[in-house]
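> sequence unknown, structure follows:
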């Protein structure tokens, strides 16, 4: 039987701090998620063997996790710096309160915007962008951020990552 405490998975480590009865999944689902998060190409039979359960059980549980929208899909992690020399920027936006949704809808359509959050504090939105050059970042600031409703924009360029989100790549 698998030693759940030895699972090396950021999700397991995060959720191990929560009372398991509060989670909508059990330890087997969590272990399956960890296997898939570490390598989405891990076969059902490999997971089943490692967990000491049947392949049919793994297949059924993955299907249920997808139906419950706990697993949203499967993807590959890409080493973006191996392909392009990107510049990552965080842009904080103060927006007219009547324009937040319109501004957000415009920004989420931009191919350089990775994430966009409504935030609480001095600013209203936080945009995370990935740009191919400082010129491209400046063009984004000069054009896309000069839109009706944006009152102020403050841009921070990432110089070095200490704890990096592998899904975003930098």
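In hand now; what should we look at? This one's a predicted model, so the numbers in the text were calculated from it and none came from an experiment.

> Residue 162 in helix, strand or coil?
Secondary structure, DSSP: H, G, I helix; E, B strand; the rest coil: residue 162 is coil.

> tell me the domain ranges of the chain?
Domain assignment for the chain, taken from automatic domain parsing, gives 4-67, 80-157.

> How far away from the center of its chain is the last one?
Per CA atoms, centre = their mean, to the nearest Å, the displacement of domain 80-157 from the mean C-alpha position of its chain is 17 Å.

> Please apply the same query to the shortest one.
The chain centroid and the centroid of domain 4-67 are separated by 19 Å under CA atoms, centre = their mean.

> Show the average pLDDT along that domain.
Across domain 4-67, the average pLDDT comes to 88.

> Over to the longest one?
In this model, domain 80-157 has an average pLDDT of 94.

> now the end-to-end length of it.
This stretch, domain 80-157, spans 17 Å end to end (CA to CA, to the nearest Å).

> Next: stretch 119-134.
One end of stretch 119-134 sits 26 Å from the other (CA to CA).

> for stretch 13-28, same thing?
15 Å.

> Buried residues of that stretch, list them for me.
Residues of stretch 13-28 classed as buried by neighbour count (16 or more other CB atoms under 10 Å): 15, 25, 28. Heads up, the C-betas are built off the backbone N, CA and C, glycines and all.
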